[in-house]
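Peer 1: I would like the atomic coordinates for the input below:
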Amino acid sequence: MPETIDGVTLIDHPLIKHKLTIMRKKETPSSIFRNLLREISLLMGYEVTRDLPLQNIEIETPMATMSAPKLVGRKMCIFSILRAGEGLAQGLLDLIPSARVGHVGLYRDPKNLQAVEYYFKAPPHLSERFCLVVDPMLATGNSAIAALDRIKKAGATNITFLCLLAVPEGLKAMKKAHPDVHIYTTAIDEKLNEKSYIIPGLGDAGDRIFGTI
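Peer 2: Okay, here's the model as predicted:
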């Protein structure tokens, strides 16, 4: 079972560990990197959605009538933090094709490393939806914090954050800014370097997803 400490759940399934190791290798090409990220997002999605609310409805099978569970409430919303978040969002949509999709466009100012918003689009009724915010890397936490600020401003109250890799610095910043947001990740790496890249990490996730290295 995943380990949860202080609002952070570490999903350490053997299949995820194996796939992540291949993704970390610098020689892994973008096509394989993208496919592995999509596969990992599917595996993570099972854990993140474990507690979605259900209600029983009456149905007829070919053999009998029965009471069976179905999801209740408005469809969930997957928020992708552009551009790297798309790599996780696509796999989650394979798992939950009926989910609504929102986008937060942010770039990191190279001088002060602060997140600057350039795009935002969200479905209606966010206050009634389970919102899953995705970005492969939680480094400084600045982009994630800015995205969550914007999503909450739009009305969301039930939010979970999903990332592939995190570091203690980013987790600390996130929990300070948004203590109500639970975080799921597959690995907590050692630290940030002087350029705020995750060590050992896997490089720039967006560049590796889209082949723009």
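Peer 1: alpha carbons only for contacts and neighbour counts from here, please
Peer 2: Fine.
Peer 1: tell me, which strand in this protein spans the most residues?
Peer 2: Ordering each strand of the chain by length in residues (DSSP state E) puts strand 100-108 first.
Peer 1: what sits against the closest residue to C163 other than its chain neighbours?
Peer 2: In space, and not counting its chain neighbours, C163 is closest to P136: 4.5 Å by Cα to Cα, 6 or more residues apart in numbering. If a contact means Cα atoms under 8 Å, 6 or more residues apart in numbering, then P136 has 84-85, 87-88, 162-165, 205 as its contacts.
Peer 1: and what of P2?
Peer 2: Applying Cα under 8 Å, 6+ apart, we find P2 in contact with 9-13.
Peer 1: what do you get for C77?
Peer 2: The contact partners of C77, by Cα under 8 Å, 6+ apart, come to 99-102, 123, 126, 129-132.
Peer 1: One more: L164?
Peer 2: Contacts for L164 were tallied using Cα under 8 Å, 6+ apart; they are 135-138, 185-187.
Peer 1: got CSV for those residues, with distance to K153 too?
Peer 2: Shown next, in CSV, are those (distance: Cα to Cα, whole Å):
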residue, distance to K153
D135, 19
P136, 23
M137, 23
L138, 21
T185, 25
T186, 28
A187, 29
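Peer 1: now these as JSON lines including distance to K75 and secondary structure?
Peer 2: Formatted as JSON lines, these follow (distance: Cα to Cα, whole Å; DSSP: H, G, I helix; E, B strand; the rest coil):
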{"residue": "D135", "distance to K75": "20", "secondary structure": "coil"}
{"residue": "P136", "distance to K75": "23", "secondary structure": "coil"}
{"residue": "M137", "distance to K75": "26", "secondary structure": "strand"}
{"residue": "L138", "distance to K75": "26", "secondary structure": "strand"}
{"residue": "T185", "distance to K75": "23", "secondary structure": "strand"}
{"residue": "T186", "distance to K75": "25", "secondary structure": "coil"}
{"residue": "A187", "distance to K75": "29", "secondary structure": "strand"}
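Peer 1: Alright, I will stop here.
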